[in-house]
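1. What would the 3D arrangement of this be:
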Amino acid sequence: MVEELNNKQQLFEFFEKNIRNKEIKNFEIPTILAKDIEDEEMVKNILNYCYEDIKNIIETYLDLEEKHYNLISLWIIGTYFHSKFNTYPYLYINAMKGSGKSRLLGLISELSHEGSMQNSMTEAVLFRTNGTLCIDEFESVGKKGFENLRELLNSAYKRGTLVKRMKKQKTFTGEEQVVETFNVYRPIAMANITGIENVTGDRCIKIIIEKSINEKKTKLIENYRNQEKIKVLKFTLTKLSSLECSLCSVVSPEHLSLLWNSFILEQPYTLTTLSSLPHKTTLTTLKILKISFEKIKDSGINGRDLELSIPILVISLWIEGGLKEGFFDETLNTLKFISDEKKEEEFVESYDISLIEFCSQQVEKEKEYFVSIKDLTKDFRSFLSVEDEWINERWLGRALSRLKLTKQKKRFNWGICVILDIKKAKEKISIFK
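-> A predicted model of the protein is given here:
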């Protein structure tokens with residue numbers, strides 16, 4: 001019979017021994033009580049051990065940038081706490097053939113909470129299965145006939161997304177149709193060669209990996225499946241995700257959203273909002289949070305990118321200050337880089353954004369003036385250095401109207417003219433830069 005661990009020190013020693021020992025052959029899973037995990041520092045240390053070992057396993061088999069090892073490891077840990085967040089980002093891996101994307105997805109599947117690997121994706125698989133879903137060869141999802149699947153994927157990153165389906169059920173009076181409800185919110189990692197369409201991509205943290213020339217890694221045979229080391233990691237994270245501790249009660253997703261909104265609205269924090277039984281570390285944690293919020297605000301990450309970054313930042317905050325200093329800053333910088341990169345791609349690819357920039361660069365005069373759509377179309381083509389026929393007066397007029405960049409529209413003998421809202425264009429373009 002497995003002996004129960006009745007105090008924090010024994011529990012910590014168990015985790016330290018099993019997580020740090022690289023030559024585990026057999027181990028016994030003890031029963032862990034909620035009261036055993038109440039020390040914030042111990043939780044931080046345990047999470048740090050888990051993080052380091054996940055990172056080391058990925059480093060053994062794959063040749064990635066340092067920032068990507070960190071981000072993927074945090075994302076994997078987050079799958080165990082996934083249900084606590086209102087949103088959770090998809091992980092999208094883009095790589096050319098032979099770069100190790102399938103190997104990386106296999107590792108993610110093996111290390112994540114209830115991970116499974118799929119090479120062909122269907123709508124039923126998405127909402128009739130549970131756990132972390134890893135989708136390889138993601139190209140097929142963008143094809144015709146997969147519209148319903150794409151629609152589900154575009155909403156499954158957010159908690160509360162439900163799918164209703166009818167099914168036949170036998171009754172005393174015969175068969176009848178009943179409604180069956182499925183929750184599609186789950187962690188999803190996907191990989192392909194060709195890229196991802198914008199709507200789904202907007203819900204992803206995108207990682208591009210290159211083909212490795214490190215033969216020590218490329219020639220390794222994958223033998224990580226069902227290793228005892230991984231079993232211990234998964235058991236540890238599963239247990240931590242189901243227990244309450246002083247750290248999790250203060251730096252919880254629910255409390256963080258309240259604290260963040262209070263911070264943005266410049267309202268005071270209240271301890272009663274955070275915990276009915278504040279620990280001695282609560283005040284210190286609040287000070288750290290305020291500093292962290294300042295850094296997030298200054299980073300320029302906003303909108304959906306901020307929504308997707310929060311879970312990863314929360315996990316980094318749980319680890320920060322244990323055995324790893326500056327970890328939150330490191331994570332925030334990586335997410336800022338990815339967010340800035342995404343904005344740059346959107347800026348280059350989107351004609352709407354180009355049109356906003358074009359309008360923002362028009363000369364403001366003291367007196368508002370009309371300019372013809374014909375002249376604007378000619379100047380916009382010159383601005384883009386293209387002669388595409390579809391960029392015509394009709395398209396430009398509709399685009400200006402859709403983007404609400406006109407103050408007034410009027411028809412003259414020489415054609416349709418508008419007064420541009422140059423001030424609004426300058427405000428809008430600042431969002432993308």
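2. CA only for contacts and neighbour counts going forward, please
-> Noted.
3. in this protein, which helix or strand is least confident?
-> helix 271-274 (a mean of 46; mean pLDDT, DSSP states H and E).
4. Just give the nearest non-adjacent residue to the most centrally placed residue in the chain, would you?
-> Compute the mean C-alpha point of the chain, and by CA atoms, centre = their mean the closest residue is Pro89, 2.3 Å away. In this structure, Pro89 finds its nearest non-sequential neighbour in Leu308, 5.0 Å apart by CA to CA, 6 or more residues apart in numbering.
5. Check what contacts whatever helix or strand the one you found lives in and list those residues.
-> Leu308 is part of helix 303-319, with elements assigned from DSSP states H and E. Outside helix 303-319, the residues that touch it by CA atoms under 8 Å, 6 or more residues apart in numbering are 43-45, 47-48, 71, 74-75, 77-78, 85, 87-89, 202-205, 247-248, 251-253, 327-328, 331-332, 335, 339.
6. What are the buried residues along it?
-> By neighbour count with 16 or more other CA atoms under 10 Å, helix 303-319 contains the buried residues 305-319.
7. any idea which of these is closest to Arg103?
-> Ile312 (22.5 Å; CA to CA).
8. Can I have the buried ones of the contacts of helix 303-319 as a PyMOL selection?
-> Applied in PyMOL, the following selects the buried portion of these according to 16+ other CA under 10 Å:
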select buried, resi 43+44+45+47+48+71+74+75+77+78+85+87+88+89+202+203+204+205+247+248+251+252+253+327+328+331+332+335+339
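9. How many residues are close by Tyr90?
-> Using other CA atoms under 10 Å, the number of residues around Tyr90 comes to 25.
10. State the pLDDT value of it.
-> Model confidence at Tyr90, given as pLDDT, is 92.
11. Just to check, it is in contact with Ile205?
-> Yes. Tyr90 is within contact range of Ile205, at 6.1 Å (criterion: CA atoms under 8 Å).
12. Flag the shaky bits of the protein, pLDDT-wise.
-> Low-confidence segments of the chain (pLDDT under 70): 1-40, 120-121, 139-146, 225-226, 243-254, 267-287, 321-324, 347-349, 432-433.
13. quick check: domain ranges of it?
-> 246-347, 351-432 (automatic domain parsing).
14. check contacts around Glu137.
-> Residues counted as contacts of Glu137 (CA under 8 Å, 6+ apart) are Asn119, Ser120, Met190, Ala191, Asn192, Ile193.
15. From these, list the buried ones, please.
-> The neighbour-count criterion (16+ other CA under 10 Å) marks Met190, Ala191, Asn192, Ile193 among these as buried.
16. if I pick the second one, what's in contact with it?
-> Contacts for Ala191 were tallied using CA under 8 Å, 6+ apart; they are Tyr92, Ile93, Asn94, Ala95, Lys101, Ser102, Leu105, Ile135, Asp136, Glu137, Phe138.
17. Thanks a lot, see you next time.
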